[in-house]
Structure formats: C-alpha cells, structure tokens
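K.L.:
Predicted model and sequence below, questions to follow.
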Number of protein chains: 2
Amino acid sequence: MQKTIPTSGGEQGTKPQDSGSLRERKHEFVLREIEQAAWDLFADVGFDRATIAAISRRAGVSRRTFFRYFRTKEELLSYSIMHCGQRIAQRFAGAPKSRNPLAALEDAMISAMQEEIEDTRQPKEMLGLMFEEPNLRGRFLCALSSWVPALSKELAKRKAYRGDSARCDLAAALYCTAFDQAHLRWYREPGVDLPTQLKRAFRQIRESKNHRPAR
Amino acid sequence: MQKTIPTSGGEQGTKPQDSGSLRERKHEFVLREIEQAAWDLFADVGFDRATIAAISRRAGVSRRTFFRYFRTKEELLSYSIMHCGQRIAQRFAGAPKSRNPLAALEDAMISAMQEEIEDTRQPKEMLGLMFEEPNLRGRFLCALSSWVPALSKELAKRKAYRGDSARCDLAAALYCTAFDQAHLRWYREPGVDLPTQLKRAFRQIRESKNHRPAR
DNA sequence: CATAGAGTGGCACCCTGTGCCATAATCTGC
DNA sequence: GCAGATTATGGCACAGGGTGCCACTCTATG
C-alpha cells in the first residue's frame, strides 16, 4: 500500500528533473497524489458528490492536509487552467516580434494546447466536467478571464491596435472566448480535433477584418 | 417594525400591477425583502462576511426560509443577471427582421441596459462585487455564457452567418464578452457611460468586418 | 366553519473551510 | 551522528453553507 517517494541520494543517481530538496519533492509528490485521487473520484461520482474527506482518504492524507495543498475543492481546477494560461503566455511572449500580434497569439494558443493535450490524462473527461457542472463552469470562465491582463499586455507591447490598452483588453478577452467556444465544440463534436476547432474560431474573429498596419 | 403586505381587498383599491393571489403577492414581497436585505448587507460588509443568518434576520425571516427563496447565496446574483439576459433576448426577438442581425443584437443589449440601470438600485456597487469578488466573478461569467444559446438561436433565425449554428454560437459568445468588458471598463473608468462603452466594444468586434449579404 | 394544501420555523445533520496546538519529519550547523 | 530550528502533518473545535424532516400556521376553497 505504501508508495515510495523518490529519494535524492539513492543508488541509481538523481534524475535531472527531480530537482530540489527532499521536502520539495515530497510536496510535489503529495500534490500529484491528491490531484490524481481527486480526478479519479470526480470521474467516479461527479464533482459535487466527491467530498474532500473521500479525496483525502484516497490520497492517503488527512482532510486538514488537503487544505494545505488546495485552498478549495475548485482550486483543483483553476490549478490546471492557470498552468495552461502560463504556457500560452510564455509561447506568446517568445514569438518573433515580426509576426502579426494576433497571429502570434493564435499560434501560441494552438501549440500550447497541442502540448497540453498530450500531457494531460483524460483531457476530454476533465473538460466535460467544466462544461457540465455549473460550479466548475464558473470557475473555468473565471480562470480564463484571468488570462486577459497578461495577454493584453503582450498585445500592447507588440503594438496591436497601436498599443491601445482598452482595445487590447477586449481583443484578449475575445480570443479567450474563442478558445472557450472551440473547446466546447471539441467536447461536443466528436471527430474534429481541437486545433481545427481553434483555427475555425480564430478565423471567424478576424474574418474580413483588415489588419491595417499601424498607420 | 412590522412591515405591511399590500392587501388586495383594501379600501384604496387593488393596483393593476399587484396581480395574483395574496399568496403570490406575499411571496413576491418576501422575495424583494430578502433581496434588498442581502444587497444592503453586501454593501455594508462585503459578500463573504454577509452570512445568510444575518441576511435572514435583516429580512425578518428564518434562515431556513431564505433557502426556500434562493437555493444559494450566489443565486441572489444569477437572479439579477438572468433577468437581464431575458430582457435582452426579448428585445432582440422583437427587433424588425429587416435589421442586420448583429446590429439588432447590439441595439437590444444597449437599450436593455439603459433600462436596467434605471431600475436597479446601486448598479455600480452590484457590478463592483461581480468584478472584485472572485466567487461572484465566476457566477457572473457563467450566467453570461448561459445567454449564448438563446442569442445564438435568434441570430440563426435571422440568417446571420447563413444560419450556421456554430458561427452563431461563437458570435453570441463574442458579443457577451464585449458586454462583459464594456461593463468592466464602465466600472473602472469613471466619466464614460455604459452605452458608450458598449458601442465602443461592439465597434471593435465588427471593425472592418464586411457583412456580406447572405449570397 | 372545515379542510386541503402551501408557507414557515426549528431542529438535526453533513460538508466546506479555518484556527490552534501537539507531534513528526526535514533541514542546518556542529 | 546529534541538537535545535524549521516545516509538514494530523486531530480537534468551530463557524458557516446547504438539506431533510416534522410540526405548526396561514391561504384558499367550498
């Protein structure tokens, strides 16, 4: 029953990605255990019926400890989504400055999501909860809208809309909405992959919009 | 201390808008009492610190009864927002069919909000809570996104995007996002009124988009 | 006035989330 | 290794959100 925590001073040599002290690795380990236990239970009985006591038991920690890793049950979600937002922001910031700002944002979202899907266990199941459970839908949208400032800032830095922050805010928000809707369609429409749905949504946003060069 | 409930058989005659039986009017009355008590308390101490016990006490009902009027504390919000969404949908549906579909949607949102602001006590304070309290932000966005199906349906009926439902969905969602962002700016930027903010946001969406007639 | 049905309040109960404290584990310097 | 500082953990108590249940009150109807 006891699972082992990877040791740093072990005989088989420390792997490069197992960075940090034992304490840090342990923390990371328990975090993943809780996360996994939670998602397993969500899949079994749904979000609302999965009590924190049950999640904790499944993860092998006390209820009190759960709250030291996640402030609320919903934070289990925001967690994944925030991480996803950071990925997108990083890629966006790393894109060549010569690229059209909106096109760079689109690229960042598409490529980040391709990677995200590969990394995530049961991405569609997770997404299902986000769309079906009203509680989670709110959290999801709230997390999405929290991406706006960072994306808007990068748009402004790249002189989209001549650097007008209000317009960049709105543009970022619109792209997040397209992101959401593309996921919704991907979830509901089997057979069409996510990148295609994203591209369709983005095309509709910029459809017939003439990106007039900054003066 | 005792407030009186408008009687139907009173000497001063029944007012036309006080329709329904005594039971129904009483229900409506208590509903408003709770709603008002809640918003007053929210303004005083914030959403989180306003306990349901305190709201109920202020409204003169028991805690148990509160939950017979509102399933959750957050529902106090969704309530207003849903109502607002219905208003918009009604106006949209009532617009002349000859009008450009997207323009009709814009008109509906603008005029509905003008009326809404007049009807609402402290509209900006309410909005403030929606943007500042993370819990409420999620609820707000979730309620907003629940408008999408109805608006999309009406867009499709009016042959926007040649009736393509996927595109209408996205368009409706984008307009809701513009709606949200306009409110955000209105809240943060004193001195510019809401209709102006809405118009600015809408202009950016359709900016340079050529509404080609449906073939 | 009598009776059915809806509204109400009080109670017990479970779950979420937090503060507090004792205990156990890790880290640091020796 | 070892002692002390630091941090993680678990258990407990407690406030608040939300629900089921039951007795009681009020309305609607005849």
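P.N.:
Great, that's in hand.

K.L.:
Now A:E35: closest residue in space that isn't a chain neighbour?
P.N.:
Nearest residue to A:E35 in three dimensions, chain neighbours excluded: A:L76, at 6.5 Å (CB to CB, 6 or more residues apart in numbering or on different chains). Where you see a C-beta, it was placed from the backbone N, CA and C, and this is true even at glycine.

K.L.:
closest point of chain A to DNA strand C, which residue?
P.N.:
A:S21 (2.9 Å; CB to the nearest atom of the strand).

K.L.:
and that residue, how many neighbours?
P.N.:
9 (other CB atoms under 10 Å in any protein chain shown).

K.L.:
swap in A:V45?
P.N.:
Quick note: A:V45 (other CB under 10 Å) scores 12 neighbours.

K.L.:
measure it to B:G191 for me?
P.N.:
51 Å (CB to CB, to the nearest Å).

K.L.:
Would you agree A:R158 is in contact with A:A93?
P.N.:
No: the pair A:R158 / A:A93 is not scored as a contact, 9.6 Å apart, by CB atoms under 8 Å.

K.L.:
between these two, who's got more neighbours?
P.N.:
Neighbour totals were compared for A:R158 and A:A93, and A:R158 leads with 21 against 15 (other CB under 10 Å).

K.L.:
residues from chain A in reach of DNA strand C?
P.N.:
A:21-24, A:26, A:50-53, A:64, A:67, A:71-74 (CB under 7 Å from any atom of the strand).

K.L.:
hmm, try it at 10 Å
P.N.:
Within reach of DNA strand C by CB under 10 Å from any atom of the strand, chain A has these residues: A:5, A:7-9, A:20-27, A:47-56, A:62-68, A:70-76, A:135.

K.L.:
Go through the lowest-mean-pLDDT helix or strand in chain A and flag the buried ones.
P.N.:
Lowest by mean pLDDT, DSSP states H and E among the helices and strands of chain A is helix A:123-132, with a mean of 84. Burial within helix A:123-132, assessed by neighbour count using 16 or more other CB atoms under 10 Å in any protein chain shown, is assigned to A:123, A:126-131.

K.L.:
Does anything pack onto it? Which helices or strands?
P.N.:
Here helix A:123-132 touches helix A:22-45, helix A:134-145, helix A:165-188, going by 3 or more CB pairs under 8 Å, 6 or more residues apart in numbering or on different chains; DSSP states H and E.

K.L.:
and the last one, what's its mean pLDDT?
P.N.:
Think helix A:165-188. Computed over helix A:165-188, the mean pLDDT rounds to 97.

K.L.:
residues of it that come out buried?
P.N.:
Taking 16+ other CB under 10 Å as the criterion, helix A:165-188 shows A:166-187 as buried.

K.L.:
Show me what it is packed against.
P.N.:
Secondary elements touching helix A:165-188 (3+ CB pairs under 8 Å, 6+ apart): helix A:101-119, helix A:123-132, helix A:134-145, helix A:148-157, helix A:194-206, helix B:165-188, helix B:194-206.

K.L.:
so what secondary structure elements neighbour the fourth one?
P.N.:
For helix A:148-157, the elements it packs on are helix A:75-94, helix A:101-119, helix A:165-188, judged by 3+ CB pairs under 8 Å, 6+ apart.

K.L.:
my read: A:F179 touches A:Q197, true?
P.N.:
No: in this structure, A:F179 is not within contact of A:Q197 by CB under 8 Å, at 9.8 Å.

K.L.:
With distance to B:S111 added, can I get the helices and strands packed on helix A:148-157 in TSV?
P.N.:
As requested, the helices and strands packed on helix A:148-157 are exported to TSV (distance: least, CB to CB, whole Å):
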stretch	distance to B:S111
helix A:75-94	35
helix A:101-119	31
helix A:165-188	21
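
K.L.:
Quick one: residues in contact with stretch A:78-89.
P.N.:
With contacts defined as CB atoms under 8 Å, 6 or more residues apart in numbering or on different chains, stretch A:78-89 is touched by A:35, A:70, A:108-109, A:112-113, A:115-116, A:120, A:126, A:139-140, A:142-144, A:146-147, A:150-151, A:154.

K.L.:
out of these, which are buried?
P.N.:
A:35, A:70, A:108-109, A:112-113, A:116, A:126, A:139-140, A:142-144, A:146-147, A:150-151, A:154.

K.L.:
count of neighbours near the residue in chain A that chain B sits nearest to?
P.N.:
Per CB to the nearest CB, A:G138 is where chain A lies closest to chain B, at 3.2 Å. As a burial measure, A:G138 scores 25 neighbours (other CB under 10 Å).
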